[in-house]
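**Student:** what follows is a protein structure lacking sequence information:
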């Protein structure tokens, strides 16, 4: 066999797989941008909104704790659920949950409402951020990783989410 056809076959396969990879990466970047923008808008707005409805400083602290606690506690079980149900289904559910929680801010009138909304957002963002961190690993390895391991390993990190 002459080397030219083999090289042509390999290069055409690489071109096809690279274009598929760039398409997936582009949609992932759009997803990350959209939700990070919403997340970035929410973070400074919640304390201001809480002040406007008369929440005390302690209440604002509880709002932040509700988010962090739900984020940390549910990361491991949600990782196992993503293994059983599928990452796309869990990601779609988390996206909808995040949008619903963000919309509920319009109806919040007490600190308890804000605490509950932030806890729900913590659940949604635990899924979104962890699956986004898992995506590069799984796309590079071509084999499925156990989501419970990644969630348990990454849930203990101290990050800004």
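**Tutor:** Noted; the coordinates are in hand. Since the structure is predicted, the reported quantities are computational estimates derived from the model, not experimental observations.

**Student:** what ranges of this protein fall below the confidence cut-off?
**Tutor:** For the chain, the stretches with pLDDT under 70 are 1-25, 134-161.

**Student:** which stretches of it form helices?
**Tutor:** Listed in chain order, the helices of the chain (DSSP state H) span 3-52, 57-85, 87-104, 111-141, 147-155.

**Student:** can you put those helices in JSON lines and add mean neighbour count?
**Tutor:** C-beta here means a position set from N, CA and C on the backbone, and glycine is covered the same way. Output for those, formatted as JSON lines (neighbours: other CB atoms under 10 Å):
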{"stretch": "helix 3-52", "mean neighbour count": "12"}
{"stretch": "helix 57-85", "mean neighbour count": "17"}
{"stretch": "helix 87-104", "mean neighbour count": "16"}
{"stretch": "helix 111-141", "mean neighbour count": "19"}
{"stretch": "helix 147-155", "mean neighbour count": "18"}
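
**Student:** contacts for stretch 51-67?
**Tutor:** 46-47, 50, 108-111, 114-116, 118-119, 121-122, 125 (CB atoms under 8 Å, 6 or more residues apart in numbering).

**Student:** from these, pick the one nearest residue 89.
**Tutor:** residue 125 (17.2 Å; CB to CB).

**Student:** ok, the closest one - contacts?
**Tutor:** Neighbours of residue 125 in contact, by CB under 8 Å, 6+ apart: 39, 67, 71, 94, 98, 161.

**Student:** dump those to JSON lines, plus distance to residue 57.
**Tutor:** Formatted as JSON lines, the contacts of residue 125 follow (distance: CB to CB, whole Å):
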{"residue": "39", "distance to residue 57": "23"}
{"residue": "67", "distance to residue 57": "16"}
{"residue": "71", "distance to residue 57": "22"}
{"residue": "94", "distance to residue 57": "30"}
{"residue": "98", "distance to residue 57": "26"}
{"residue": "161", "distance to residue 57": "23"}
